[in-house]
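**Student:** Sequence plus predicted model, see below.
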Amino acid sequence: MNRIDTLMARMTLAEKLGQLTMTASGYTVTGPVIAGDSTQSIIDGTIGNLLNMVGAGPAHEMQRLAVEQSRLGIPLLIGLDIVHGHRTLFPIPLAEAGIFDEAVWERTAREAAREGAADGLAMTFAPMLDVSRDPRWGRTAEGPGEDPWLNGRIARAKVRGFQGTDLSSAESLAACAKHFVAYSPVTAGREYAAVDISERTLREVHLPGFVAAIEAGVATLMPAFTDLNGVPMTAHVPLLRDWLRGEMGFDGVIVSDYNAIAELIKHGVAADLVDAAVLALKAGVDIDMMADAYRKGLPVALEQGRVTIDEIDACVRRVLRLKEQLGLFDDPYRRGATPEPAEAVAERHALARDVARRAIVLLKNERRNDRDVLPLPAAAKALAVVGPLADARTEMKGPWWGAGEHEPAVSVLDGLRVALPQTDIRHAPGVAIDGGDDSGIEAAVALCDGASAVLLCLGERATMSGEAASRATPALPGRQQALAEAVTARAHALGIPVVAILFSGRPLVVPWLAEHADALLAAWFLGAEAGHAIADVLTGRASPSGRTPMSWPRAVGQVPIFFGQRPTGRPMNPADYYTSKYQDVDNTPLFAFGHGLTYGRIRYEELQVEPRRVCEQDTLKISVTLRNEGAREAEETVFLFVRAKVSRVTRPLLELKGYAKLRLRPGEAGSVKLELPASELRYLGPDLQPLFEAGEIEICVGPSAEPAGLLRETIELG
Ligand code: NOJ
């Protein structure tokens, strides 16, 4: 008999349910705290998995209880959320998505896995694969932005990064694709609210990221808290059991979200904890995180004949197999055995700085007095650094700081002071992030006199995005708008430019700022090295290359706004009243998906597509010439979209199918080549089955999803 069979034959029901239980734990000065339970349960074998334990010492201490003191010696599986870095914080996932570089996505996950594993962890609850088209939803910060194709690329890279090529390695973690599925389109953008979407949207927008993660070999998966068209995901038999286990053949571990099994009662689909446990088990949930529904409910359900021991055993086997794949039976102390060398940590910080620079999106950069406002002139004598986010180290870390809570982070002020030691850097916060007090505005305005430029550091507190952080008005909080207006008025009266740096976990609704600031940067939340990265870009030491992975609305009422909208029978036409439009705002976004300027000026020319007629087996070869007509080096991101001219189902106005990058020196030209297998032009036909339909397809290439900037060529499928 193999190890798992031998164990299964010896396990009591209580021990089996222990393997299906994950309990939150923490460590205080007086010792470990196990939520609602005690460490004795680890010894008894009735807790088999932990979350929220940080540090190799405590993790090994708990592991020893399981391995050395429990009857069967089954190691614990210990997991933690590593959303944008573990101790070394990287930019939030939304910011990282805008780098459009698979190597970066993989590398940060790999480094976070190393760091997490060095802390004794074997699992992380990441990547988060929720496509978001609604900036009101706070968890937008944790995800890939608005596009399903992009999400698939990120999913693959992240799974590879966390898991590496060998799950049993001391540097690998089991990844967890979450939240399955369609967690983001909650009603009115309100966290945890009901979700009601079509099967087409589910299949076209929300499932592909999970398909990609499964194809990449993701070890575990987490159902969303939410319901989908009336059925809570934690109990969703058609999607969990039939689609995921059945159609996709996913045989990894499904771990519930925090207390989600018990919440089936509040959803109104389970009468009590026993009922809830039955529903989740039948749907295929293996591990109960924090609801204690399996330990309390399944013995009763078993006795009542509502579940079978075979159903329970199947879950236990999956959990044991994961522990085996992670190498936990062979050496439960492998992860965290040796502290990381200082050089590894230093290198990780260098990576964090590089990634942060690349995630910054230059949304606007006007010319003033015959020069671009950014980069700042080297000779700047004085800078007025104004706003509540200039001197805000903790905020830089972003919403999910994991084990980085006590790690240092670099503020904008810190970064500028290091980068520009000769410059007089003056600072006044002006207002608090979300306070109502205006009294500091005057002092901030006064700083403008004699400054070469004003840097306005505005935006959200980090905790205004992330879980349970929906905002009905995702704009500048508190009195920041008043501050921006007062300071801008003064700066412009003095003839000095205003550079606004926005911190947020989502696109913000900032039409005034976009119009009046001379330069505008989206700095999202950039992590530990934020201030250095921002200073690198402001001073021109780094040339910005980030692109927004989400459309920025002009008004909250435009939400959801995304480039992949379907056509209407009455497209917007100013000459015709009865067309699809608003009376009070334009249809277009303030900044389109993919928008982001560089310090160069890139011209797109000569789009070539070969062959002009393709069958399903063919691959399209696409090339475009880029020329940098600006005075500085630039890294340009080129997007490839397609648009079907006629098909049996209305198709998005643009569908992303690829991207590429090219670095060009001033005056340099170069060509970018992209390949598109024609099989990727299949879509879900009227019956939701994949269809390769003959007809014309437009190949669109350009710097963003803004239609006016795209070069187009039509080819023939068939
Ligand atoms: C709740 C969140 O929804 C989920 O993403 C996370 O992994 C768990 N809490 C555990 O922290």
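**Tutor:** Nice, I can see it.

**Student:** quick one: R627 is in a strand?
**Tutor:** Yes - assessed with DSSP: H, G, I helix; E, B strand; the rest coil, R627 lies in a strand.

**Student:** who touches the closest residue to the ligand within the stretch 501-650 of the chain in this structure?
**Tutor:** Taking Cβ to the nearest ligand atom, the ligand has its nearest neighbour within the stretch 501-650 of the chain at G505, 14.5 Å off. C-beta: built from backbone N, CA, C; applies to glycine. Residues near G505 by Cβ atoms under 8 Å, 6 or more residues apart in numbering: 92, 94, 138, 140-141, 398-399, 460, 462, 464-466, 469, 524-525.

**Student:** where's it relative to E467, distance?
**Tutor:** 11 Å (Cβ to Cβ, to the nearest Å).

**Student:** Mutual contacts of these two, please.
**Tutor:** Between them, G505 and E467 share the contacting residues G138, P399, judged by Cβ under 8 Å, 6+ apart.

**Student:** Which single one of the contacts of G505 is nearest to the ligand?
**Tutor:** Distances from the ligand to those, taken by Cβ to the nearest ligand atom, are shortest for G466, at 9.4 Å.

**Student:** Might you report the residue contacts of the closest one?
**Tutor:** G466 touches G138, R139, A141, E142, G398, P399, W400, G505, counting by Cβ under 8 Å, 6+ apart.

**Student:** run the last query once more with 10 Å
**Tutor:** If a contact means Cβ atoms under 10 Å, 6 or more residues apart in numbering, then G466 has 83, 92, 138-142, 191, 398-401, 505, 525 as its contacts.

**Student:** ok, now N628?
**Tutor:** Here N628 is in contact with 598-603, 634, 636, 662-670 (Cβ under 10 Å, 6+ apart).

**Student:** buried subset of those?
**Tutor:** T598, Y599, G600, I602, A634, E636, L662, L664 (16 or more other Cβ atoms under 10 Å).

**Student:** State the pair within those residues that is farthest apart.
**Tutor:** Y599 and L662 (14.7 Å; Cβ to Cβ).

**Student:** what's the distance between T6 and E324?
**Tutor:** 12 Å.

**Student:** Neighbour count: the two, which is higher?
**Tutor:** Counted by other Cβ atoms under 10 Å, T6 and E324 do not tie: E324 has more neighbours, with 18 against 11.

**Student:** After the strand or helix carrying that one, heading C-terminal, what element do we hit next?
**Tutor:** Using DSSP states H and E, E324 maps to helix 309-325. Moving toward the C-terminus from helix 309-325, the next helix or strand (DSSP H and E) is helix 342-359.

**Student:** List the buried residues for that following helix?
**Tutor:** V345, R348, H349, L351, A352, R353, D354, V355, A356, R357, R358, A359.

**Student:** Number of residues surrounding the residue in the chain positioned nearest to the ligand?
**Tutor:** Distance from the ligand to each residue of the chain (Cβ to the nearest ligand atom) is smallest for F125, at 3.3 Å. Neighbourhood size, F125 [other Cβ under 10 Å]: 23.

**Student:** Next: L681.
**Tutor:** With other Cβ under 10 Å as criterion, L681 counts 22.

**Student:** residues contacting it?
**Tutor:** 614, 616, 620, 642, 644, 655, 657, 691-693, 695, 697, 699, 715, 717.

**Student:** among the residues you listed, which ones are buried?
**Tutor:** Using 16+ other Cβ under 10 Å, the buried ones in those are V614, L620, V642, A644, E655, K657, E693, I697, I699, I715, L717.

**Student:** tell me the phi and psi of the spatially most central residue of the chain?
**Tutor:** Nearest to the geometric centre of the chain sits G143, at 2.3 Å (Cα atoms, centre = their mean). Here is the backbone geometry of G143 (degrees, to the nearest 10): phi -120, psi -170.

**Student:** Would you agree it is in contact with G209?
**Tutor:** Yes - at 8.9 Å, G143 counts as touching G209 under the criterion of Cβ atoms under 10 Å.

**Student:** can you pull out the helices in the stretch 151-300 of the chain?
**Tutor:** Using DSSP state H, counting those that start in this stretch, the helices found in the stretch 151-300 of the chain span residues 199-201, 208-215, 263-267, 273-283, 293-303.

**Student:** Those helices: which one's closest to V487?
**Tutor:** helix 208-215 (41.1 Å).

**Student:** other SSEs contacting the closest one?
**Tutor:** Where contact means 3 or more Cβ pairs under 10 Å, 6 or more residues apart in numbering; DSSP states H and E, helix 208-215 is packed against helix 148-163, strand 176-180, strand 220-223.

**Student:** Let's have those in TSV, adding mean neighbour count and mean pLDDT.
**Tutor:** Compiled in TSV, the helices and strands packed on helix 208-215 are given as follows (neighbours: other Cβ atoms under 10 Å; pLDDT from 0 to 100):
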stretch	mean neighbour count	mean pLDDT
helix 148-163	25	98
strand 176-180	27	98
strand 220-223	26	98
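
**Student:** To I43, which of those lies closest?
**Tutor:** strand 220-223 (25.4 Å).

**Student:** gap between the closest one and the chain center?
**Tutor:** From the chain centre to the centre of strand 220-223 is a distance of 16 Å (Cα atoms, centre = their mean, to the nearest Å).

**Student:** same question, stretch 176-191
**Tutor:** 12 Å.

**Student:** What separates the first and last residues of that stretch, distance-wise?
**Tutor:** Taking Cα to Cα, to the nearest Å, stretch 176-191 runs 21 Å from one end to the other.

**Student:** again, but for stretch 433-447
**Tutor:** Stretch 433-447 end-to-end distance (Cα to Cα) = 19 Å.

**Student:** mind listing what's buried in it?
**Tutor:** I433, G440, I441, A444, V445, L447.
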